[in-house]
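> Could you look at this predicted model? Sequence included:
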Amino acid sequence: LRSQFETGRDIQDEVSAIDAVIDRITGVKSRYGGTIIRQFKPGRFWLWRQWSGTVLQQAWKPAVLNMLLSVVFMAVIRRKLKPSWTVGMIPDSNNHVIARLVGLGKMWHYLLNITTFILTFFLSQAYGLWRQIYSYGRQVQGRLNDIGLLLASTAKRDDEGKYTPQSLALLESVALYSRLFHAFMWTNLCKKCKILRTDRGMSRLLSRGVLTREQYDTLCSLRGTAGPQYACMMWIFIRCLRGMEEGTLPNDPNFRIACYDKISSLRGTLGSIGDALDGRIPLAYAHFVQVLVDIFLFIAPFALYAELGIWCVPAVGLLTLFYSGLLDLSKVLLDPLGNDDFYDESVNMDIGVLIRESNAGSTRWMYSGETLPF
């Protein structure tokens, strides 16, 4: 009985997780009030008051640990050396221990220049990847809008300038396939959304009306590497080709080439997102930067004591806060979809916004050209 209870509870938890993802992509729930990332206000005082969703929310922990290390080191120095200088004074450089620490301080300053340059460059590389993924996401939206605009402006109309029943059926079908394609595309890329691609996830999409029975059966019968996003892309293209054959869309070479171009561009952008995420940064590069920053910050309490005395405690705290924070920020930017669970979700993209915007855009052009003033 206990095993059955636990199994039932696991199923309920899985269904709840699936529903949470569905709510996220359909707009029932959103992270940042409907924007893809958390927005900011440029005011100085507003920015100073922020805590949740900032790097400081996590970076204060290593900063406090390094400050404690500084305090412990100073306590040992005062206990073992019985120094002549008071707590608030700069240590005597003639002391044999302090004289040795002066050399360590000089070495640390050399390391400071190297660490600053490499870390800032690493941050710029990470931000470049973040912008690239954002740009690719917007390009996918753009290509889907291009397809909708192309079909809505060329679909066959009656004598009153309205869409024929066949044209409406085609436009609605393509709009639905576009929504499914975009949703399945991101569920393949975002780890937290991959639960929708499981058997129970697909069944839940069916029960909540996101998929029809025919679409569900077709997607569940896919073989090999044929993912649902690729199937939906094929549905879009084949529906367009069939519309040309039926006379619902213009059956001329130029229009056919335009459709090929939009679908090919969409496929290329889709592949580019996965390629960019797969090759975001080499392990050796990330490992080197992590080791460099950790050694630099670990040496700081010992290297700065001879130069600053007790003031090395706040200095070490600030250095750790900003250098460790810059490294953490770089890691966050290297994980724009939050697949690594490294930081709180409030600093990653809300891909649900991209999906919901495309859902709205899937019928935008059809409704915009439904009636004409001429």
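Alright, I've got the coordinates.

> I'd guess residue 94 is in a strand, am I close?
No. According to DSSP: H, G, I helix; E, B strand; the rest coil, the state of residue 94 is coil, so it is not within a strand.

> Spit out the contact partners of it.
Not one residue lies near residue 94 by CB atoms under 8 Å, 6 or more residues apart in numbering. Using the backbone N, CA and C atoms, a C-beta is placed for each residue, glycine as well.

> State the distance from it to residue 107.
20 Å (CB to CB, to the nearest Å).

> Give me the contacts around stretch 97-111.
77, 81, 91-93, 295-296, 299-300, 302-307.

> Can you spell out which helices and strands pack onto the helix or strand bottoming out on mean pLDDT in the chain?
Least confident element among the helices and strands of the chain, by mean pLDDT, DSSP states H and E: helix 2-26 (a mean of 74). With contacts defined as 3 or more CB pairs under 8 Å, 6 or more residues apart in numbering; DSSP states H and E, helix 2-26 has these neighbours: helix 165-189, helix 199-207, helix 351-361.

> List the contacts of the helix or strand following it.
Using DSSP states H and E, the helix or strand that follows helix 2-26 in sequence is helix 44-48. With CB under 8 Å, 6+ apart as the contact definition, helix 44-48 has outside contacts at 40, 41.

> 10 Å instead, please
Contacts of helix 44-48 with the rest of the structure, by CB atoms under 10 Å, 6 or more residues apart in numbering, involve 40, 41, 54.

> just stretch 154-171 next, same as before
For stretch 154-171, using CB under 10 Å, 6+ apart, the contacting residues are 148, 151-152, 172, 174, 239-240, 242-244, 246-250, 252, 255, 258-259, 362-363, 365-367, 369-374.

> Apply 8 Å and report the result again.
So stretch 154-171 is contacted by 148, 151-152, 239, 243, 246-250, 255, 363, 366, 370-372, 374 (CB under 8 Å, 6+ apart).

> same question, stretch 17-25
In contact with stretch 17-25 (CB under 8 Å, 6+ apart) are residues 28-30, 183, 186-187, 192-193, 195-196, 200-201, 204-205, 208, 210, 350-352, 355-356.

> so what's residue 335 up against?
342, 343, 348.

> Out of those, show me where the pLDDT dips lowest.
Here the lowest pLDDT out of those sits on residue 343, with 72.

> What sits closest to that one if chain neighbours are left out?
Computed as CB to CB, 6 or more residues apart in numbering, the closest residue to residue 343 that is not its neighbour in sequence is residue 332, at 5.1 Å.

> Give the closest residue to residue 185 in space, chain neighbours not counted.
Using CB to CB, 6+ apart, the nearest residue to residue 185 is residue 229, at 4.4 Å.

> Looks like that neighbour contacts residue 270 (just checking).
Yes. The criterion here is CB atoms under 8 Å, and residue 229 meets it with residue 270 at 7.1 Å.

> tell me, what's touching those two both at once?
In contact with both residue 229 and residue 270: residue 185, using CB under 8 Å, 6+ apart.

> before we move on, the earlier item: among the contacts of residue 335, who's most crowded?
When neighbours are taken as other CB atoms under 10 Å, the top entry among these is residue 348 (26 neighbours).

> you'd agree that one is up against residue 342?
No. Residue 348 is beyond contact range of residue 342, at 9.4 Å (criterion: CB under 8 Å).

> Give me the common contacts of those two.
With CB under 8 Å, 6+ apart, residue 348 and residue 342 have common neighbours 332, 335.

> where are the low-confidence patches of the protein?
The chain contains residues with pLDDT under 70 at 1-8, 27-33, 344-347.

> let's see 50
1, 5-6 (pLDDT under 50).

> Return the residues in contact with residue 369.
Residue 369 neighbours (CB under 8 Å, 6+ apart): 152, 153.

> quick one, phi/psi of it?
phi -110, psi 20 (degrees, to the nearest 10).

> follow-up on the earlier one: out of the contacts of residue 335, list just those in strands.
When DSSP state E is applied, the contacts of residue 335 are split such that none fall in strands.

> could you dump these to JSON lines with distance to residue 265?
Shown next, in JSON lines, are these (distance: CB to CB, whole Å):
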{"residue": "342", "distance to residue 265": "32"}
{"residue": "343", "distance to residue 265": "33"}
{"residue": "348", "distance to residue 265": "26"}
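
> Throw the helices and strands packed on helix 2-26 into a markdown table and include mean neighbour count and distance to residue 49, thanks.
Listed next are these as a markdown table, based on neighbours: other CB atoms under 10 Å; distance: least, CB to CB, whole Å:
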| stretch | mean neighbour count | distance to residue 49 |
| --- | --- | --- |
| helix 165-189 | 21 | 33 |
| helix 199-207 | 16 | 40 |
| helix 351-361 | 21 | 25 |
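
> any idea which of the contacts of stretch 97-111 has the most stuff around it?
Neighbour max across the contacts of stretch 97-111 (other CB under 10 Å) = residue 305, 26 neighbours.

> Leaving out the residues flanking it, which one is nearest to the spatially most distant residue from the centre of the chain?
Distance from the C-alpha centroid of the chain, by CA atoms, centre = their mean, peaks at residue 84 (55.1 Å). Using CB to CB, 6+ apart and skipping the chain neighbours, the partner closest in space to residue 84 is residue 92 (6.2 Å).

> for residue 51, same thing?
residue 57 (5.9 Å).

> Surely the one you found is in contact with residue 50?
No. Residue 57 lies out of contact with residue 50 (CB under 8 Å); the separation is 9.3 Å.
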